[in-house]
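Visitor: dropping the sequence and predicted coords here.
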Amino acid sequence: MSLANPETSAALSLLNAKAVRERAHRLLDIGLDDGLANFRIQLDRMDSTVELVLKTTQRAYPSLEVPFHSRWRHFVTNGTNRWAATANQKKWPDRASRARAEFDLAIVSVFLDAGAGPSWRYHDPVTGSAIGRSEGLGLASLAMFAGGVFSADPLDPLQADAGILANISVADLERGLQVSAANPLVGVEGRADLLRRLGKLVASKPEIFGHFDAPRPGGLFDRLAMLADDRRLPAPTILAELLQELGPIWPSRLTLGGIALGDCWKHPALTTEDATSGLVPLHKLSQWLAYSLIEPLQTAGIKVTDIDGLTGLAEYRNGGLFVDMGVLAFRDADAAQKEHEVASPLVVEWRALTVALLDRVADGMRRRLGLDATSLPLAKILEGGTWAAGRLLARERRTDASPPVKVISDGTVF
């Protein structure tokens, strides 16, 4: 594939966090000029939104020692870190071996983490609790991983092998995720297909994913370790590698110059002078994964820098926060009752505005606390934070805790 092709170069320009942020803020600017078709922006509601996020954060983390927003938070229940308890029982030959296993777990778990829908619950055999949504999916995927569901080696369950992933079935996932007619999970077929695509792609790239053993998603650790300069790695580099190396696994949506654009959508208000006109990249699951790979890298001795180079996540808890607080108001009140496709301009608009508004919340939080982006990065504000506040509002306002925008999910975006 020739990079001399202007469409290919244009496509690659969308596969990074900078493009997500720039285009999200462009849509916000258009909205502030009252130029968007689906939402009005009411910035006079931002102060109360920042206040809610601050109170939510201080209630959970009075000392403001907030962990990063990542998949690892969902592996902690009732004060017990289940992954650490499992991993600490194994004698790892070196830090890199553990990091590869943690990459395996994070990648598979995040790819299973699109919205579960309001009805599904994971019945946790440890606590007896019924846990829904991301927390339930996190614990279920950890149990599957620890049980060797994704490993080709019965003596070494704590890994995910390309060959096993490439042949994962819907029934395998339904068994591990406890799916039944009485416990339905949105998009289970899409999740299984995503894992199969992941396995096939990883197997086809041993030069990226198989430096030290058979190809596995965790082999990406070695690729990132090689990209680190003096054991320092910018967070946006993590995302760029994820988008370029794993981009082809996403279901066929938009392509440009032969490049699959992943979580990137069309919006008529965002025009440019090149082939990317009308395109809005969001890369939600990939950014969620990038955040989730920071801690394994740090544990392995690699310092991750420029964490705020990543953006906020265009997902329904963060986005719901702004709708429920009135920062974003539907132009058409009936739209709140209708279901919308992920590719619809309304959903694209909502998600992009969410990314830009999260930056404004971060600025407001830092001003109030007298902190900077180094001491209070966006990854902590999301965790403390906007995601928790969005979930709190959803539980208060709707009996099923669903988001205020009804999105038809295929299990691969939200």
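Guide: That came through, no problem. All figures in this text were calculated on a predicted structure; none of them were measured in a lab.
Visitor: residue contacts, the most centrally placed residue in the chain?
Guide: Centroid-nearest residue in the chain, with CA atoms, centre = their mean: W288, separated by 2.6 Å. With contact taken as CB atoms under 8 Å, 6 or more residues apart in numbering, W288 is in contact with S70, R71, V110, D113, L313, E315. Where you see a C-beta, it was placed from the backbone N, CA and C, and this is true even at glycine.
Visitor: pLDDT score assigned to the second one?
Guide: Per-residue confidence for R71 comes out at a pLDDT of 94.
Visitor: right, and it touches A290 too?
Guide: No. With contacts counted by CB atoms under 8 Å, R71 stays clear of A290, the gap being 10.9 Å.
Visitor: so where is this structure shaky, pLDDT-wise?
Guide: Applying pLDDT under 70 to the chain flags residues 1-4, 252, 410-414.
Visitor: quick check, R26 in a helix?
Guide: Yes. According to DSSP: H, G, I helix; E, B strand; the rest coil, R26 belongs to a helix.
Visitor: how about it: what's its closest non-neighbour residue?
Guide: Distances taken as CB to CB, 6 or more residues apart in numbering put L270 closest to R26, at 6.0 Å, once the chain neighbours are dropped.
Visitor: and the one you found, how far is that from T374?
Guide: 31 Å (CB to CB, to the nearest Å).
Visitor: neighbour count for these two, which is higher?
Guide: L270 (19 against 9; other CB atoms under 10 Å).
Visitor: can you tell me the SS state at the more buried one?
Guide: coil.
Visitor: how near is it to I208?
Guide: Taking CB to CB, one finds L270 at 32 Å from I208.
Visitor: and if you look at D34?
Guide: Distance from D34 to I208, by CB to CB: 46 Å.
Visitor: the more surrounded of those two?
Guide: I208 (18 against 9).
Visitor: now do the contacts for that one.
Guide: Here I208 is in contact with G219, L220, R223, E245 (CB under 8 Å, 6+ apart).
Visitor: could you redo the last one with a cut-off of 6 Å?
Guide: R223, E245 (CB atoms under 6 Å, 6 or more residues apart in numbering).
Visitor: likewise for T237?
Guide: L227.
Visitor: hmm, try it at 10 Å
Guide: N16, A17, L224, L227, A228, D229, A290, V304, T305, D306, G309 (CB atoms under 10 Å, 6 or more residues apart in numbering).
Visitor: and it, how far from D359?
Guide: T237 is 20 Å from D359, by CB to CB.
Visitor: buried set for stretch 59-79?
Guide: V66, F68, H69, S70, R71, W72, R73, H74, F75, V76, T77 (16 or more other CB atoms under 10 Å).
Visitor: first to last residue in it, what's the distance?
Guide: Stretch 59-79 has an end-to-end distance of 16 Å (CA to CA, to the nearest Å).
Visitor: run the chain-centre distance for it.
Guide: 16 Å (CA atoms, centre = their mean, to the nearest Å).
Visitor: who's in contact with the nearest residue to P184 once chain neighbours are set aside?
Guide: Leaving aside its chain neighbours, P184 sits nearest to S119 (5.6 Å; criterion: CB to CB, 6+ apart). For S119, the contacting residues are G132, A182, N183, P184, L185, V186, D400, by CB under 10 Å, 6+ apart.
Visitor: S119: which element?
Guide: Per DSSP states H and E: S119 is located in neither a helix nor a strand.
Visitor: what do you get for A203?
Guide: A203 belongs to helix 188-204, assigned by DSSP H and E.
Visitor: and that helix, what's buried?
Guide: 188, 190-203.
Visitor: what is the nearest of those residues to K91?
Guide: Of all those, K91 sits closest to V202, with 25.9 Å by CB to CB.
Visitor: so who does the closest one touch?
Guide: 107, 160-163, 165-166, 208-210, 214-220, 245-246, 249.
Visitor: please pick the buried ones from those residues.
Guide: 107, 160-162, 165-166, 208-210, 214-220, 245-246, 249.
Visitor: picking up where we left off before, alpha carbons only: can I get the helix holding A203 in PDB?
Guide: Extracted in PDB, the C-alpha atoms of helix 188-204 (Å, rounded to 0.1, in the frame of the first residue of the first chain):
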ATOM      1  CA  VAL A 188     -22.900 -11.200  21.800                       C
ATOM      2  CA  GLU A 189     -22.400 -12.200  18.100                       C
ATOM      3  CA  GLY A 190     -20.500  -9.000  17.400                       C
ATOM      4  CA  ARG A 191     -18.200  -9.600  20.300                       C
ATOM      5  CA  ALA A 192     -17.400 -13.200  19.200                       C
ATOM      6  CA  ASP A 193     -16.800 -12.000  15.700                       C
ATOM      7  CA  LEU A 194     -14.400  -9.300  17.000                       C
ATOM      8  CA  LEU A 195     -12.400 -11.800  19.000                       C
ATOM      9  CA  ARG A 196     -12.100 -14.100  16.000                       C
ATOM     10  CA  ARG A 197     -10.900 -11.200  13.900                       C
ATOM     11  CA  LEU A 198      -8.400 -10.300  16.600                       C
ATOM     12  CA  GLY A 199      -7.100 -13.900  16.700                       C
ATOM     13  CA  LYS A 200      -6.700 -14.100  12.900                       C
ATOM     14  CA  LEU A 201      -5.000 -10.800  12.600                       C
ATOM     15  CA  VAL A 202      -2.600 -11.500  15.500                       C
ATOM     16  CA  ALA A 203      -1.700 -14.800  13.900                       C
ATOM     17  CA  SER A 204      -1.000 -13.100  10.600                       C
END
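Visitor: distance from the chain centre to the helix or strand just after it, please.
Guide: Sequence order places helix 206-209 as the next helix or strand after helix 188-204, per DSSP H and E. Distance of helix 206-209 from the chain centroid (CA atoms, centre = their mean) equals 23 Å.
Visitor: all set now, cheers.
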